[in-house]
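**Q** Fold the following.
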Amino acid sequence: MTISFWLIMLAVIAYGLLHSFLASLKTKARTRHWFGPATNRWFHLAYNLIEVLTLLPILLLPILLMDREIYVIRYPWVVLTLILQMLSVVVLIVGLRQTGITSFLDLRQLLFLEDTSPPRLVSTVLYRYIRYPLCAAGLFLICLMPIRIWVLLVLYLGLTAYIFIGAYFEVRKLRLEFGEAYAKYCRHTPMLIPGSNNLSIRSQNIDDLT
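**A** Take a look at the predicted model:
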């Protein structure tokens with residue numbers, strides 16, 4: 001393993017710690033205490049912006065820190081991997097359309113100031129089979145890169161770990177927001193792999209998180 005490998009690992013760990021801190025309920029409550037109830041309109045949007053802006057440099061690091069090659073998927077198998085990657089992009093687009101881009105970015109409360117409709121638990125189409133289709137598609141997209149170098153490997157492993165850690169905080173938030181409806185949804189819907197509950201956070205463990 002090279003120095004580039006460890007540099008990207010440190011960057012991913014720092015990214016995960018920062019966003020785990022920002023996603024915590026204590027941080028949101030503290031921000032609301034400092035800035036008042038208006039925080040509810042912009043906190044999650046600010047979080048999303050910070051998440052994207054701090055992720056971009058990490059995604060650029062493998063380009064800047066190119067190192068030794070682990071393997072290359074060659075023709076004709078590379079055609080299959082590219083097709084599967086395109087299907088992953090389709091899943092990302094469908095998932096975004098299903099949740100709504102304004103809801104995904106948390107723009108709804110800013111664009112529709114008078115909107116008082118309660119949040120909606122999406123559990124149909126893609127979300128009927130897994131709870132995190134966007135994360136699954138993103139990981140699948142990275143995993144199927146036809147060229148694998150050490151820095152891409154650590155980036156993939158780090159982002160995979162971050163998704164599971166982030167799911168811990170997401171479960172706490174959604175359990176408080178939707179109550180038993182979300183617990184039931186988790187009971188029947190796996191996290192990332194359709195048809196398998198091995199990676200699901202079971203409802204009996206959800207109660208321990210609240």
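**Q** Would you mark the buried spots in stretch 53-71?
**A** The neighbour-count check on stretch 53-71 (16 or more other Cβ atoms under 10 Å) flags 58, 61-62, 65, 67 as buried. (C-beta placed from N, C-alpha, C; glycine too.)
**Q** Of these, which pair is most distant in space?
**A** Greatest spatial distance in these: Ile58 and Asp67, 15.6 Å, computed using Cβ to Cβ.
**Q** before we move on, back to that, nearest to Leu82 among the buried residues of stretch 53-71?
**A** Checking these one by one against Leu82 (Cβ to Cβ), the nearest turns out to be Pro62, at 18.7 Å.
**Q** can you pull the contacts of the closest residue to the closest one other than its chain neighbours?
**A** Sequence neighbours aside, Val151 is the residue nearest to Pro62 in space, at 4.3 Å (criterion: Cβ to Cβ, 6 or more residues apart in numbering). Val151 is in contact with 2, 4-5, 8, 61-62, 65-67, counting by Cβ atoms under 8 Å, 6 or more residues apart in numbering.
**Q** Same question for Thr124.
**A** Applying Cβ under 8 Å, 6+ apart, the residues contacting Thr124 are Gln98.
**Q** roughly how far apart are it and Cys143?
**A** Distance of Thr124 to Cys143, given as Cβ to Cβ, to the nearest Å: 26 Å.
**Q** What of Val122?
**A** 25 Å.
**Q** before we move on, what about Trp6?
**A** 21 Å.
**Q** go on, Arg175?
**A** Distance from Arg175 to Cys143, by Cβ to Cβ: 29 Å.
**Q** So between those two, which is more surrounded?
**A** Arg175 (20 against 15; other Cβ atoms under 10 Å).
**Q** backbone phi and psi for the more buried one, please?
**A** As for Arg175, its main-chain torsions (degrees, to the nearest 10) stand at phi -60, psi -40.
**Q** For the closest residue to Arg68 other than its chain neighbours, give me the pLDDT.
**A** Spatial nearest neighbour of Arg68, excluding adjacent residues (Cβ to Cβ, 6+ apart): Trp150 at 5.9 Å. Note on Trp150: pLDDT of 79.
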